[in-house]
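*Asks:* no letters, just coordinates:
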DNA sequence: TATGAGATCAACT
DNA sequence: GTTGATCTCATAC
C-alpha cells in the first residue's frame, strides 16, 4: 500500500473506505455544502471533518473535479515517527496508534487546519508502495446507510486494521 | 469478552 | 433539535 506522512510522521495505508456522491452514506451525497466543498474540488486534496464532536477523520479526494468521491483513511501501519505518535496518543501499543480514523488523525495531528491542503506538498508526503500487496474487500464500518456496499479495502493479513476482515 | 454510555460540535432539518 | 464515516472507559457477564 501507499505510504503517507504528515510532517514526517505516518506509515503505510492499510485500510480505506470509498465514498461517492451517489452513495447515501457519503457526505457529498446531498450536494455541496460548506463542510464538504473540498470533495467537490480537484483530486489530490485532503478533506478533514469532525466526527461525533471529538474526532477528526481524514479523506483523500479522488477522481475528476465534480465527482465528489473520496477515500476515508481508516488505518495505517505506523512506520515513521513512532515516538511522536505515542506521545500524542498516550499509548505505547503500536497497533493502537493508528487503527481507526480518529486514532490516526490524533497520531498524525491532523485537524481542520489540514482541510483542503494538497497531498503533494508539505506537511504531506506520499510515497509509492515498494511491492504489490494483497487487498481484501469488505463492507464498511460505522455507518448507518448503504451498509451493504463492499467499499472497504484493506491489506490482507495486516495487524493494523481497525477491525479484521472476514476470512477470505 | 461484551455491551453501553459519555464526550462534544458542526452541519443539517 | 437531531445526528453522526468514533473512541474510550466502565460495568456487567
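*Replies:* Perfect, thanks for sending it. Treat the numbers as computed from the prediction; the structure is a model and nothing was measured.
*Asks:* DNA strand C versus the residue nearest the centre of chain A, what's the distance?
*Replies:* Chain A has residue A:73 as the residue nearest its centroid, 1.0 Å off, counting by C-alpha atoms, centre = their mean. To DNA strand C, residue A:73 is 8 Å away according to C-beta to the nearest atom of the strand, to the nearest Å. Quick note: C-beta positions are derived from backbone N, CA and C, even for glycine.
*Asks:* name the SS class of that residue, please.
*Replies:* strand (DSSP: H, G, I helix; E, B strand; the rest coil).
*Asks:* could you pull out the strands for chain A?
*Replies:* Secondary structure of chain A by DSSP state E: the strands cover A:3-6, A:9-19, A:46-51, A:55-62, A:69-80, A:124-127, A:135-138, A:152-155.
*Asks:* need the winner for burial among those.
*Replies:* Ranked by mean neighbour count under mean count of other C-beta atoms under 10 Å, the strands of chain A are led by strand A:9-19, which reaches a mean of 24.
*Asks:* what residues does chain A have near DNA strand B?
*Replies:* Within chain A, the residues that sit near DNA strand B (C-beta under 7 Å from any atom of the strand) are A:30, A:33, A:34, A:35, A:36, A:50, A:52, A:53, A:54.
*Asks:* go ahead and confirm residue A:40 touches residue A:34.
*Replies:* No. Assessed by C-beta atoms under 8 Å, residue A:40 is found out of contact with residue A:34, at 11.2 Å.
*Asks:* neighbour count: the two, which is higher?
*Replies:* residue A:40 (19 against 5; other C-beta atoms under 10 Å).
*Asks:* most neighbours among the residues of chain A next to DNA strand B, which one is it?
*Replies:* residue A:36 (22 neighbours).
*Asks:* what sits against it?
*Replies:* A:27, A:28, A:47, A:49, A:68 (C-beta atoms under 8 Å, 6 or more residues apart in numbering).
*Asks:* surely the fourth one and residue A:56 touch.
*Replies:* Yes. Under the criterion of C-beta under 8 Å, residue A:49 lies in contact with residue A:56, with a separation of 7.4 Å.
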